[in-house]
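Student: sequence first, predicted coordinates after that:
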Amino acid sequence: MESRSCVNGYPRAACVILTHAVCIIFTILITVLSRPGSSLFSWHPFLMTLACSFFMTEAILLFSPHGSLMRTYPHKSKGRVHWMLQCACLLCAALGLAAIYYNKHRNGKAHFTSWHGVTGLVTICVVALQCSAAVPLIYPSLAKGWSLARLKRYHATAGLLAHLLGSGSLFLGVCSTWFVASVSGLAWYLAALCPALCGLAIMDQVTNAYMAKRRLQS
């Protein structure tokens with residue numbers, strides 16, 4: 001059984017390493033294309049990608065049993081770093097939203113008229129709720145009258161939803177006029193795969209973690 005679990009762990013470890021690489025490469029790609037600081041709009045793709053592709057993905061991968069960058073650290077330490085990364089995600093996303101909102105206001109364009117814009121706004125709202133709801137998990141004394149196990153389950157489910165929304169927003173951003181004008185052909189398809197692969201990897205991690213807990217309890 002132990003050797004079987006080791007064999008099964010190798011593909012998952014490779015998947016986590018690939019996810020680390022994909023989220024970093026995609027963030028670098030958007031940074032190069034947007035050239036942050038070259039215009040007001042340039043801050044939007046850069047900050048939103050930094051938030052949803054890098055900070056949010058890395059925050060969840062901290063809890064991966066197969067490729068966490070803090071594998072040897074206690075769960076409490078991982079939880080605090082996870083929360084800090086999510087707060088960094090929220091800050092970058094909020095600044096990215098402010099940049100595109102003011103840019104559209106300055107150019108007389110309507111706000112939130114596309115699925116990309118609506119999905120991005122919903123993602124920021126969910127991440128803000130997640131950061132607030134995580135405080136009782138970091139300081140259990142604030143969770144009086146609540147089951148910590150149940151709160152963690154709700155938090156993980158909402159976190160998965162937030163990441164899928166963020167990945168969806170990034171994918172829709174790849175379909176935008178700005179990105180299509182910058183990247184085409186095979187490179188576009190590879191770029192579109194990045195948020196999809198990250199979303200699937202995080203979904204696999206979260207669902208498998210709670211399925212394993214159910215098996216242990218049964």
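Tutor: Thanks, I have it.
Student: low-confidence ranges in the chain?
Tutor: 1-8, 211-218 (pLDDT under 70).
Student: so for it, the centremost residue is which one?
Tutor: The residue lying closest to the centre of the chain (C-alpha atoms, centre = their mean) is residue 56, at 3.1 Å.
Student: so what's that one closest to, chain neighbours aside?
Tutor: The shortest distance from residue 56 to any non-neighbouring residue, by C-beta to C-beta, 6 or more residues apart in numbering, is to residue 89 (4.7 Å). For every residue, glycine as well, the C-beta is placed using N, CA and C.
Student: likewise residue 104?
Tutor: Closest residue in space to residue 104, ignoring its immediate chain neighbours: residue 111 at 5.7 Å, by C-beta to C-beta, 6+ apart.
Student: what separates that neighbour from residue 101, distance-wise?
Tutor: According to C-beta to C-beta, to the nearest Å, residue 111 and residue 101 sit 6 Å apart.
Student: so for those two, which sits in the more crowded spot?
Tutor: Set side by side, residue 111 and residue 101 show more neighbours around residue 101, with 15 against 12, by other C-beta atoms under 10 Å.
Student: please, which helix or strand holds the more buried one?
Tutor: helix 75-106 (DSSP states H and E).
Student: which parts of that helix are buried?
Tutor: 78-79, 81-83, 85-90, 92-93, 95-97, 99-100, 103-104 (16 or more other C-beta atoms under 10 Å).
Student: got the buried residues for the helix or strand just after that helix?
Tutor: Later in the chain than helix 75-106, the nearest helix or strand by DSSP H and E is helix 115-133. Across helix 115-133, burial judged by 16+ other C-beta under 10 Å covers 116-117, 119-124, 126-128, 130-131.
Student: any buried residues in stretch 185-197, and which?
Tutor: For stretch 185-197, the neighbour count (16+ other C-beta under 10 Å) marks 191, 192, 194, 195, 197 as buried.
Student: alright, that wraps it up for me.
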